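Chemist: Kindly generate the corresponding structure for this input.
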Amino acid sequence: MSRIPVRLGAVIVAACLLFTSWSAVTPRQASALDPIAGYLMAHFTGESSTGQQIYLAQSTDGLRWTDLNNGGLVLRSTVGTRGVRDPALVRSPAGDRYWVIATDLCIGCGQSWSDAQNNGSRHLVVWESTDLVNWSAPWLLNVAGAIPDGRNAWAPEAIWNPDTGDYVLYWATNASLNGVMKHRIYSARTANFRSITTPQLYINRAGTQGIIDTQIVEMPPGVGSYRYVRSSGDGQITLEGSNSILGTWTNLGNLSGIGLNGSQVEGPMWMRFNARNEWALYLDQYASGRGYLPVLTTSPSSPTSFRLPASGSYNMGGTRKRHGSILNLTTAEQSRVLGRWGNNAQVNRIQSYNYQDRYVRHANFDVRIDADVSPPQDAQFRLIPGLTGGAGAVSFQSVNFPDHYLRHYGFDFRLEANDGTTTFAADATYRRVAGLADSSWASFQSFNQPDRYIRHSGYVLRLDPITDVQGRNDATFRVTT
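Modeler: As a prediction, the model looks like this:
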């Protein structure tokens, strides 16, 4: 988010525990399951309705980033304001479940900064996954509705708390307290990001000074004097230390010594480098519009240890990365993520055999074949490994709605968001076979209705048994690039 009213900066950043941090306190550590190999960043890109969605980038060294999904969005919000900012990636301590939590806000989609600050959504948007690539439908989590005079909910973060065996979820809300209206950080406990305990005031700066962006990272034993370090955007980039997430925090200083303050940078985003005790604190240079800058340190609790990066030592990729979150990836996680969204995933069109000027496309989430499709992305798909069905199975992932897939329902076709169920996966999976009308083309047999194939009828896609020449022609397609 960007400076208030231009500031919703909310770094949601990696609040979810830099994997090598909070996971270390559980018996079954995610890090023990598989070697760590790379980094995944979730972020948004700008103020448009498309920019205010979830994007991903990957890095092998933590400093040079590659945009995934060919720079396209990965998750789109279909709830609340239908826009999201400041995503936080959360991994369970066991490494078997993941969440994305984000601010429910879409500036320029019928909502102004004044609206968002004084009468915005009191909800967060949440997605859930068991593998980092197949995500549930999003849901709304009301976090600020119980805060007296709470006006919004911005910049969520979450961290596993070993003292209570659940997550501390924290965010900024603009509210009046003791006659002062400003943004403060509130917190609540949750086990599943579907319900929370009663929100409590978590961080409150003196006087009229507000605070929106804050993020916590856990330190390994032997590094610094504190188990946790907190970085916040509150007029400075302030560092604090504590030995308990919900305990007392000590002010350690700020980054003004290296020439960085809250009028220049915001959205602090922690990242621990794999296999060594060194950290990058990414800061968004919002004042100059230059995006993220990694500030490096071997001792996050010591403000004097931070240093600016050498010229040319980092590259943020092709898209502007706005406040987000970084997760350290295991080898298996990275393989899954790159397999789904790596830039080698080809963009295809599906051409009709008997109407060769027409291509499969979605229109208002219905599916048909049309000529001269506009925008062209409505007729573009990625044929990815099937959501179920094993080797040889495929699913059709939309390019401009990448969390949506071609799915049959009542033998009609829809473009729908993956809800994570086995029923959806089966309905959205097909077996590619030789074309029924021409073996040099292709036909697509349903995974869970194997006597039926994708075909068009009256230009509308259907799932039908194929019994005659007309049906074979209608059920034959060419996959083109």
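Chemist: use CA for all of it now, contacts and neighbours both
Modeler: Will do.
Chemist: what's the nearest residue to D166 if we skip its chain neighbours?
Modeler: Leaving aside its chain neighbours, D166 sits nearest to A191 (5.1 Å; criterion: C-alpha to C-alpha, 6 or more residues apart in numbering).
Chemist: Which parts of this structure are helices?
Modeler: Taking DSSP state H as the test, the helices found in the chain are 30-33, 113-119, 331-341, 422-427, 469-474.
Chemist: okay if I get those as a markdown table plus mean pLDDT and distance to A153?
Modeler: Below are the helices of the chain laid out as a markdown table (pLDDT from 0 to 100; distance: least, C-alpha to C-alpha, whole Å):
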| stretch | mean pLDDT | distance to A153 |
| --- | --- | --- |
| helix 30-33 | 50 | 30 |
| helix 113-119 | 93 | 9 |
| helix 331-341 | 91 | 29 |
| helix 422-427 | 91 | 32 |
| helix 469-474 | 98 | 50 |
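Chemist: got those helices as TSV, with mean neighbour count and distance to V460 columns?
Modeler: Output for the helices of the chain, formatted as TSV (neighbours: other C-alpha atoms under 10 Å; distance: least, C-alpha to C-alpha, whole Å):
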stretch	mean neighbour count	distance to V460
helix 30-33	17	46
helix 113-119	18	41
helix 331-341	18	28
helix 422-427	17	17
helix 469-474	18	10
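Chemist: quick one: which of these is nearest S302?
Modeler: helix 30-33 (26.6 Å; C-alpha to C-alpha).
Chemist: Let me see the contact set for G224.
Modeler: Counting by C-alpha atoms under 8 Å, 6 or more residues apart in numbering, G224 touches S299, P300, S301, S302.
Chemist: contacting residues for the spatially closest residue to N119 that is not a sequence neighbour?
Modeler: In this structure, N119 finds its nearest non-sequential neighbour in R151, 5.1 Å apart by C-alpha to C-alpha, 6+ apart. If a contact means C-alpha under 8 Å, 6+ apart, then R151 has Q117, N118, N119, G120, S121, R122, A144, T173, N174, A175 as its contacts.
Chemist: doesn't L56 make contact with L40?
Modeler: Yes: L40 is within contact range of L56, at 6.9 Å (criterion: C-alpha atoms under 8 Å).
Chemist: What's the end-to-end length of stretch 99-118?
Modeler: This stretch, stretch 99-118, spans 28 Å end to end (C-alpha to C-alpha, to the nearest Å).
Chemist: what comes into contact with it?
Modeler: 4-6, 12, 47-49, 52, 80-91, 120-121, 123-129, 151-157, 174.
Chemist: buried subset of those residues?
Modeler: 12, 47, 49, 52, 80-91, 120-121, 123-129, 151-157, 174 (16 or more other C-alpha atoms under 10 Å).
Chemist: Backbone dihedrals for the residue nearest to N119, please?
Modeler: The phi/psi pair for R151 (degrees, to the nearest 10) reads phi -100, psi -20.
Chemist: Next one: it from L255, what distance?
Modeler: Per C-alpha to C-alpha, R151 is found 30 Å from L255.
Chemist: same check, this time on A434
Modeler: 63 Å.
Chemist: more neighbours, the two?
Modeler: Taking neighbours as other C-alpha atoms under 10 Å, A434 and L255 compare with L255 leading, 20 against 14.
Chemist: OK, contacts around that one?
Modeler: Contact analysis of L255 by C-alpha under 8 Å, 6+ apart lists Q236, I237, T238, N261, P303, T304, F306.
Chemist: Most neighbours out of those residues, which is it?
Modeler: That'd be I237 among the contacts of L255, by other C-alpha under 10 Å, with 26 neighbours.
Chemist: how does the chain divide into domains?
Modeler: Per automatic domain parsing, the domain ranges recorded for the chain read 22-341, 349-480.
Chemist: Endpoint to endpoint, the shortest one covers what distance?
Modeler: Distance between the two ends of domain 349-480: 5 Å, counting by C-alpha to C-alpha.
Chemist: So V394 is in contact with G386, correct?
Modeler: Yes: V394 is within contact range of G386, at 3.8 Å (criterion: C-alpha under 8 Å).
Chemist: overlap in contacts of these two?
Modeler: T429, Y430.
Chemist: in stretch 268-276, what's buried?
Modeler: By neighbour count on 16+ other C-alpha under 10 Å, the buried set for stretch 268-276 is P268, M269, W270, M271, R272, F273, N274.
Chemist: Quick check: end-to-end length of it?
Modeler: Calculated as C-alpha to C-alpha, the first-to-last residue distance of stretch 268-276 is 21 Å.
Chemist: Just the ones in strands from the buried ones among the contacts of stretch 99-118, please.
Modeler: When DSSP state E is applied, the buried ones among the contacts of stretch 99-118 are split such that 84-91, 123-129, 154-157, 174 fall in strands.
Chemist: what separates Y405 from F444, distance-wise?
Modeler: From Y405 to F444 the distance is 15 Å (C-alpha to C-alpha).
Chemist: I should have written W113 there, sorry.
Modeler: Separation of W113 from F444 (C-alpha to C-alpha): 47 Å.
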